[in-house]
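S.K.: The sequence and its predicted three-dimensional model are supplied below.
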Amino acid sequence: MYPKLFTIPQFQFFKYKIGPIVIYSWGTLVALGFLIGILLAMRWAKREDIDPDHVLNVSVWSIISGILGARIVYVIKYWNAYKGNPISILQLWDGGLIFFGGFFAATIVVLIYLWRHKIPYWKFLDVITPSIAIGSSIGRIGCFLNGCCYGYETPLLWGVKFPNIYGYRHATELYYTIAFLIVFVYLLRVKNRKTFDGEVATNFFVYYSLAFFIVEIFRDNPRNFLYLTGSQTVSLLLIAFGIYAYRRRKSGLPLLPQSCPLYRKISAEPKVKKNKR
């Protein structure tokens, strides 16, 4: 594996010595995935008459909250590995994020932002969800280079030997990359033919989660109830939510029934805030 892409040797800057600076593969690929996703979403936002600055603002807040959420959930799950050396919690370059922890944290922050700025939720989510798929696809290459998130041992020809790990393993990081790339292409097709706001986003919840669930079958992760990983359990919940939300949106119905006390606050779409540009 190649956890370090390259190292910039120590150099002199005026009277200060700087370096050596190590460029890590995981952080670089994750950053690249974010950048490509953000640029695509900003481009699509213009076509939907949404201020691209909102995409940029949401991206910054979701990146911060997503990383914090993913790290917090990971540390809680594997606390025994950190309690002896709490400073290692900050060593993100060594890996150690749980995707759905970051996903839910970022989702909450995004929805709060959209509510405050009176931006239609589903229309905006249709813009950014394909970007999440392609960004995740690229970011998982960083996981592969870092040598984390590998799968079970396999006799198949494409098994990969990871450092300090016994036997040849499923390269589940690359399985994620391929699966999410397929989801991205599918979402673009839905986006170009969509008939109602929320069609892309609800398909994202279903098929992105389905891709996650399938790849997790080969992932060397702890199994819990019904021999499912924690991520698989969350994936099933998101698939169910996506199917439910798709049917409600396609029928022109609000996400929640009118009898629900939270109907007015959550289901009612905010008025469109016109682009001042």
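M.R.: Ah, there it is.

S.K.: Number of residues surrounding residue 164?
M.R.: Counted with other Cβ atoms under 10 Å, the neighbours of residue 164 add up to 6. All C-beta atoms are positioned from the backbone trio N, CA, C, and that covers glycine.

S.K.: Pull the contacting residues for it.
M.R.: If you count contacts by Cβ atoms under 8 Å, 6 or more residues apart in numbering, residue 164 has none.

S.K.: Tell me the spacing between it and residue 104.
M.R.: Taking Cβ to Cβ, to the nearest Å as the measure, residue 164 falls 32 Å from residue 104.

S.K.: mind checking how far residue 181 is from residue 236?
M.R.: Here the criterion is Cβ to Cβ. By it, residue 181 lies 22 Å from residue 236.

S.K.: who does the helix or strand of the chain at the bottom of the mean pLDDT ranking pair up with?
M.R.: Using mean pLDDT, DSSP states H and E, the weakest-scoring helix or strand in the chain turns out to be strand 11-13, at a mean of 81. If you go by DSSP bridges, strand 11-13 pairs up with strand 16-18 (antiparallel).

S.K.: following the partner strand, which helix or strand shows up next?
M.R.: Scanning forward in sequence from strand 16-18 by DSSP states H and E, the next helix or strand is strand 21-24.

S.K.: Tell me which residues of the least confident helix or strand of the chain come out buried.
M.R.: When burial is assessed from 16 or more other Cβ atoms under 10 Å, strand 11-13 yields no buried residues.

S.K.: what sits up against that strand?
M.R.: Contact with strand 11-13 is made by 17-19, as judged by Cβ under 8 Å, 6+ apart.

S.K.: Likewise for stretch 167-184?
M.R.: So stretch 167-184 is in contact with 130, 133-134, 136-138, 140-141, 143-144, 148-156, 158-162, 204, 207-208, 211-212, 214-216, 218-220, going by Cβ under 8 Å, 6+ apart.

S.K.: Filter these down to the buried ones.
M.R.: Buried by 16+ other Cβ under 10 Å: 130, 133-134, 136-138, 140-141, 143-144, 148-151, 159-160, 162, 204, 207-208, 211-212, 215-216, 218-219, out of the contacts of stretch 167-184.

S.K.: doesn't residue 240 make contact with residue 213?
M.R.: No: with contact defined as Cβ atoms under 8 Å, residue 213 does not count as touching residue 240 (11.8 Å).
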